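let me see the structure of the following:
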Amino acid sequence: MATIKDVAREANVSIATVSRVLNNDETLLVMEETRERILTIAKKLNYTPNRRKKSKSTNTRDATAAATIGILMWATKEDETNDPFFMSIREGIEKQCAELQVEIAKIVRLKTNIEYDLNDLDAVIVIGRIDPAEVESVFADSSRIVYVNDSPDPLQYDSVIVDLEEATANVLKYFTSLGHNRIGFIAGQEYIQKFRTKEVFHEESRLKAYERYMKDNGLYNQNDLYIGDWTTVSSYELMKEAIRKGDLPTAFFIASDSMAIGAIRALHEGGKSVPGDVAVISVNDIELAAFMTPPLTTVKIYSEQIGRTAVNLLIEKLHGRDIPLKVVVPTKLIVRGSCGGAAN
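Just a heads-up that it's a prediction; the model follows:
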């Protein structure tokens with residue numbers, strides 16, 4: 001019987017590419033000729049994705065080689081383009097699966113999929129903050145779910161997260177060490193996503209940490225807080241609003257690099273220099289950050305490693321681990337020109 005590895009070998013592509021083509025992943029950038037070649041070879045080899053019943057096998061080689069997993073995420077293709085953070089996590093999952101010869105049988109994007117059932121899979125990785133009750137309505141085995149960028153219940157589910165509260169506190173400490181006492185904050189609204197009903201508001205961890213630090217140090221000013229959505233355009237408009245108010249803070253902590261791009265554009269258009277008039281630090285360290293004008297100081301999140309770690313946790317579960325694990329991936333402040341500090 002043909003395997004996904006056989007199809008990949010004959011098509012001269014990766015296992016991840018075969019899986020994404022066969023599952024009609026719209027985010028995959030591949031030539032039409034390559035797509036057609038994969039489909040033709042899969043048909044010629046009579047390849048059918050494995051949909052075996054889930055077992056509790058402890059045989060490491062068998063459990064890994066035969067495993068089929070799904071990715072459940074809220075982000076659309078456009079969302080990933082606007083904020084590469086989630087794209088990098090997904091790519092980390094795909095790379096690790098390819099290396100371990102684990103098949104990604106389904107990638108479900110909740111904004112574009114209405115009906116879905118994942119119970120024919122061995123395990124599921126959930127990217128983003130999605131209501132666990134909703135997830136278990138489409139994949140019943142909660143012991144084989146790993147949450148990424150969220151930890152809804154560490155006593156029940158595996159999860160891989162970043163301590164954004166600690167990262168935020170470190171950014172604010174760094175700003176104050178540079179002499180800034182007026183520090184503004186720009187972020188998006190955070191929600192717990194649901195499938196068929198309205199999402200539920202969730203307090204964003206960076207906002208929580210910002211308010212706590214500023215209040216504890218007698219620096220909090222409600223007027224320096226700006227909340228919109230997680231887009232470059234939203235941050236651009238929020239910074240324009242701050243400029244119109246006058247009396248700008250001397251520094252801004254911005255919750256993502258993509259948002260920082262919009263905010264810095266607004267500052268430049270408003271005749272404000274960065275970091276001369278306003279210092280800026282953000283989060284993620286996307287590839288573009290180092291090439292901005294000025295280069296962007298940012299908290300590096302190892303997003304690809306987050307995705308790889310999620311796969312490793314799933315494989316451990318398939319091999320019989322019963323105790324849920326919560327992995328906290330560290331961050332690092334990358335100092336560049338936008339904050340006025342000495343570059344790393």
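
show me where pLDDT drops low in the stretch 151-300 of the chain?
Applying pLDDT under 70 to the stretch 151-300 of the chain flags residues 196-198, 200.

er, the stretch 1-150 of the chain actually
Checking the stretch 1-150 of the chain against pLDDT under 70 turns up 1, 25-29, 49-66, 111-115.

and the closest residue in space to residue 322 that isn't next to it in sequence, how many neighbours does it have?
Nearest residue to residue 322, sequence neighbours excluded (Cβ to Cβ, 6 or more residues apart in numbering): residue 143, at 7.6 Å. All C-beta atoms are positioned from the backbone trio N, CA, C, and that covers glycine. Burial of residue 143 is recorded as 14 neighbouring residues (other Cβ atoms under 10 Å).

and for residue 327?
The burial count for residue 327: 18, using other Cβ under 10 Å.

also residue 190?
18.

for it, which non-adjacent residue is closest in space?
Spatially, and ignoring its direct neighbours in sequence, residue 190 is nearest to residue 204 (3.8 Å; Cβ to Cβ, 6+ apart).

the one you found contacts residue 187, correct?
Yes: in this structure residue 204 lies within contact range of residue 187 using Cβ atoms under 8 Å: 5.9 Å.

buried sites along stretch 150-157?
Buried residues in stretch 150-157, counted by 16 or more other Cβ atoms under 10 Å: 150, 151, 152, 157.

out of those, which sit inside helices?
Applying DSSP state H to those, no entry is found in helices.

in stretch 157-175, what's buried?
By neighbour count with 16+ other Cβ under 10 Å, stretch 157-175 contains the buried residues 157-162, 164-165, 167-172, 174-175.

among these, name the ones in helices.
Per DSSP H, these map to helices at 164, 165, 167, 168, 169, 170, 171, 172, 174, 175.

kindly report the domain assignment for the protein.
As recorded under automatic domain parsing, the domains making up the chain are 4-162+303-330, 164-301+332-339.

give me the distance between the two termini of the last one.
Its start and end residues considered, domain 164-301+332-339 measures 19 Å (Cα to Cα, to the nearest Å).

again, but for stretch 116-130
Criterion Cα to Cα; first-to-last residue distance in stretch 116-130 is 15 Å.
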